[in-house]
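> Output the structure for:
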Amino acid sequence: MSKHGRILVAMSGGVDSSVAAVMLHEQGYEVIGLTMKTWDYASSGVNSKETGCCSLDSINDARSLAVGYGFPHYILDIRDEFGDFVIDNFVDEYLAGRTPNPCVLCNTHIKWEALLKRADKLDCEFIATGHYANIRSQDSGRYVISKGKDENKDQSYVLWGVSQQNLARTQFPLGSFAKSEIRQMALDMGQMELANKSESYEICFVPENDYRAFLKHRVPELETKVDGGDFVLTDGTKVGKHKGYPFYTIGQRKGLGVAFGHPMFVTQILPESNTVVLGTQDQLQRTEALVRNLNLIKYESILEPLEATTKIRYKDAGAMSHIQQVGDKMKVSFHHAVSGIAPGQSAVFYEGNDLLGGGFLI
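Numbering: from 1, shown residues only. Alright, predicted model coming up:
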C-alpha cells in the first residue's frame, strides 16, 4: 500500500506533467500515468508531422518516463468526444461571430470528466495535472483555485470552468514552483531532452495555428458563402470588402486589406449581414461587459457588488472592476475602459490571487 494512496496523473509527454508525475511518485503516491489522445492532424487534412501533446512522440515520451520510474501508463483515445464537443463548438462560435475558448471547454467538459471516469475504474482517489495553479479547501467546504507562483506561467485562467465536485479530487503539484525550477528538476532527474523541450502555445487541433485554414477545411462551402461582405465604419459608411466575417476577431488590426492612414480595428462582427465593423482605438474601448455560463469557485454566489480583477484574455494583466450577478449572468463594471472585449472569450474574476470564477463574454 502506498503512503498517500493512488493518483491518476494526466501526462502529455511534456516537461510539466512529467515532473508532476515523478514528484508525486517520490512523495509516496501510487502513480498511474494517463495520456489522452484528443486529435490527429490527418483529420485536419494536414500531412505535416504532428507536434504537441497528441503526437506519437509525446505519447512515447510519457510512456518511457513511466516505465523508467516503474509506474503504469495508459493511453486513452477521446478523439470522438473531443471532436463532437470542442471542435464543433469551435466552428459554431466563429460562425456565430464570436471568438471561442477551446482550452476552457476541453478542461471543463472533456479532460476532467475523462480523467475522473478512468480514475474511478482504476480505484484512484485523486487526479493530477501539470497546470501551474494552486488549490485548497475552505472552511465553507468549497475548493478554491489560486494563481500559481510563476506569474508568467499561471494557468488558473483556463480552469475557471472546473466544478467543485471535480476540484475536490484534483491536485496541482506544480503550483508552488516556477517554470525554471521545473526544468531544473527535469535536469536533476537526468532528463535533459525533456528539460529542453519547447512549449507549444497553439490550439492542439489547429495546424500551424491557422484557424482560418482550419475553418475552411471543416466547412468547405464557407469561403464561397461569406466572401465579399462589407467593411463598415461605426456610422455605417461602407469602406471596403472583406474575406468573410468568421475570419476576423475583435481587436484585429493587421490583415484587414484596407488602408486609412491611421490604425483601425475590428470593433464588431455582424454575422447576420456578413458585416465587419471597423473603428478607432477609442471606439474599441468598453466600460461594461456581461458574462454568461457562469461557474463560481470561491463563493457560491456574488449577489452584492464585489471588487475584483477581471481578465478578458489569457495573457491579459487584468483590470479592476466591480462584479455582480444579475440573474444567471455576471455584470462587470470596469473602473477604467478596457480594449478588445471579444464575445466568446472567457472573462475570469480574481480576488487577489484567488479565482472567483468565470464565464463567457456576451
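
> Can you tell me the closest non-neighbouring residue to Leu95?
Leaving out its chain neighbours, the residue that sits closest to Leu95 by C-beta to C-beta, 6 or more residues apart in numbering is Pro246, at 5.8 Å. All C-beta atoms are positioned from the backbone trio N, CA, C, and that covers glycine.

> What is the neighbour count of the one you found?
If you count neighbours by other C-beta atoms under 10 Å, Pro246 ends up with 25.

> Please enumerate the strands of the stretch 151-300 of the chain.
Ranges of strands within the stretch 151-300 of the chain are 170-171, 230-233, 238-241, 265-270, 275-279, 285-296, based on DSSP state E, counting those that start in this stretch.

> Same list (the ones you listed) but as TSV, adding mean pLDDT.
As requested, the strands of the stretch 151-300 of the chain are arranged in TSV below (pLDDT from 0 to 100):
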stretch	mean pLDDT
strand 170-171	98
strand 230-233	98
strand 238-241	97
strand 265-270	98
strand 275-279	98
strand 285-296	98
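
> Check those for me and report the most buried one.
The highest mean neighbour count among these, using mean count of other C-beta atoms under 10 Å, belongs to strand 275-279: a mean of 21.

> quick one on the thing from earlier: mind checking how far the residue nearest to Leu95 is from Tyr299?
37 Å (C-beta to C-beta, to the nearest Å).

> how does this structure divide into domains?
Domain ranges of the chain: 6-130+173-209, 226-280, 285-361, per automatic domain parsing.

> now these as a markdown table including distance to Trp160?
A markdown table is the format used below for the domains of the chain (distance: least, C-beta to C-beta, whole Å):
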| stretch | distance to Trp160 |
| --- | --- |
| domain 6-130+173-209 | 7 |
| domain 226-280 | 20 |
| domain 285-361 | 3 |
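
> Tell me which of these lies nearest to Arg142.
Arg142 sits nearest to domain 285-361 of all the domains of the chain, at 6.7 Å, using C-beta to C-beta.

> so which of the domains of the chain gets nearest Gly141?
Here domain 285-361 is closest among these (C-beta to C-beta), at 9.9 Å.

> and that closest one, how far apart are its ends?
15 Å (C-alpha to C-alpha, to the nearest Å).

> so how many other residues sit close to Asp92?
For Asp92, using other C-beta under 10 Å, the count is 11.

> what kind of secondary structure is it in?
For Asp92, the assignment made with DSSP: H, G, I helix; E, B strand; the rest coil gives helix.

> which residues sit in contact with Thr35?
Residues in contact with Thr35 (C-beta atoms under 8 Å, 6 or more residues apart in numbering) are Ala10, Met11, Ser12, Gly13, Ser58, Ile59, Ala62, Arg63, His73, Tyr74, Ile75, Leu76.

> one step back: can you add distance to Gln191 and give the strands of the stretch 151-300 of the chain back as a markdown table?
Shown next, in a markdown table, are the strands of the stretch 151-300 of the chain (distance: least, C-beta to C-beta, whole Å):
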| stretch | distance to Gln191 |
| --- | --- |
| strand 170-171 | 21 |
| strand 230-233 | 51 |
| strand 238-241 | 53 |
| strand 265-270 | 44 |
| strand 275-279 | 48 |
| strand 285-296 | 36 |
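
> Val104 is nearest to which of the ones you listed?
Short answer: strand 285-296, nearest of the strands of the stretch 151-300 of the chain by C-beta to C-beta, at 9.8 Å.

> centroid residue for the chain?
By C-alpha atoms, centre = their mean, the chain has its centre lying nearest to Cys103, at 3.0 Å.

> before we move on, the earlier item: of all the contacts of Thr35, which two lie farthest apart?
Of all pairs in those, the most separated under C-beta to C-beta is Ser58 and Tyr74 at 14.6 Å.

> which ones are touching Ala195?
Val15, Arg183, Gln184, Ala186, Leu187 are the contacts of Ala195 under C-beta under 8 Å, 6+ apart.

> correct me, but the fourth one touches Leu194?
This points to Ala186. Yes - between Ala186 and Leu194 there is a contact under C-beta atoms under 8 Å: 4.9 Å.

> Find residues that contact each of those two.
With C-beta under 8 Å, 6+ apart as the test, Ala186 and Leu194 both reach Val15, Ser18.

> Please say which of the two ends up with more neighbours.
Ala186 (22 against 19).

> Show the pLDDT at the more buried one.
On the pLDDT scale, Ala186 is placed at 97.

> For Ala114, see how far away it is.
For Ala186, the distance to Ala114 - C-beta to C-beta - is 26 Å.

> how much space is there between the residue lying closest to Thr275 once chain neighbours are set aside and Lys153?
Of all residues beyond its chain neighbours, the one nearest Thr275 is Asp230 (5.3 Å), with distances taken as C-beta to C-beta, 6+ apart. Using C-beta to C-beta, Asp230 is found at 42 Å from Lys153.

> what do you get for Thr129?
For Thr129, the distance to Lys153 - C-beta to C-beta - is 13 Å.

> Quick check on those two: which one has the bigger neighbour count.
Thr129 (25 against 19).

> Settle this for me: that one is touching Val9, isn't it.
Yes - in this structure, Thr129 is within contact of Val9 by C-beta under 8 Å, at 7.5 Å.
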